[in-house]
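**Q** Sharing a sequence plus its predicted fold:
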Amino acid sequence: MERQIKFKFNEKEYSIEYPTVGQYLDIERKKIEISGGQWGNLIGANTKSSSRAVQIIDCLANIVVLCPDLLKDLKPEAKNLMDIDAKDFTILVVAYNKQVRNWYSEWFKEFNDIFQEEEDK
């Protein structure tokens with residue numbers, strides 16, 4: 001697996017690398033923060049709207065931590081992430097799902113497998 005990928009969005013290219021320990025923890029904290037502490041409830045709700053919210057939160061948390069320049073370029077006039085128009089943001093979520101999500105999922109599987117092997121002993 002490549003430790004770094006190039007992510008293309010809005011005709012710009014961004015570099016994203018495997019997270020460090022600190023970044024991994026920041027991503028997970030960011031999911032809880034963005035969801036207002038409701039991350040687990042959104043996952044468990046199993047509705048179309050909660051599924052979309054989970055996709056948006058997952059994308060935001062990863063991009064904020066692993067590629068913060070992209071968000072600055074996306075809406076420089078936005079005071080914070082929540083000011084970005086939801087319809088406009090779907091374009092980023094779709095690009096993230098196509099280009100980054102599988103790469104990150106593969107990394108997470110390898111990361112998780114190490115823990116699982118130890119737990120299974």
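**A** In hand now; what should we look at?
**Q** show me what contacts residue 26?
**A** By CB atoms under 8 Å, 6 or more residues apart in numbering, the residues touching residue 26 are residue 65. In short, each C-beta sits where N, CA and C put it, glycine included.
**Q** Could you tell me the per-residue confidence at residue 77?
**A** Residue 77 carries a pLDDT score of 63 in this model.
**Q** now the helices for the protein?
**A** 21-34, 39-45, 48-66, 68-74, 86-96, 102-120 (DSSP state H).
**Q** Show me which parts of the last one are buried, residue by residue.
**A** Going back to what we said before, that points to helix 102-120. Buried residues in helix 102-120, counted by 16 or more other CB atoms under 10 Å: 103, 104, 107.
**Q** Of those residues, which is the nearest to residue 40?
**A** For those, the closest approach to residue 40 (CB to CB) belongs to residue 104, at 19.9 Å.
**Q** For the residue nearest to the closest one when sequence neighbours are not counted, grab the count of nearby residues.
**A** For residue 104, ignoring the flanking residues on the chain, the nearest one in space by CB to CB, 6 or more residues apart in numbering is residue 62 at 6.5 Å. Around residue 62 there are 20 other residues, counting by other CB atoms under 10 Å.
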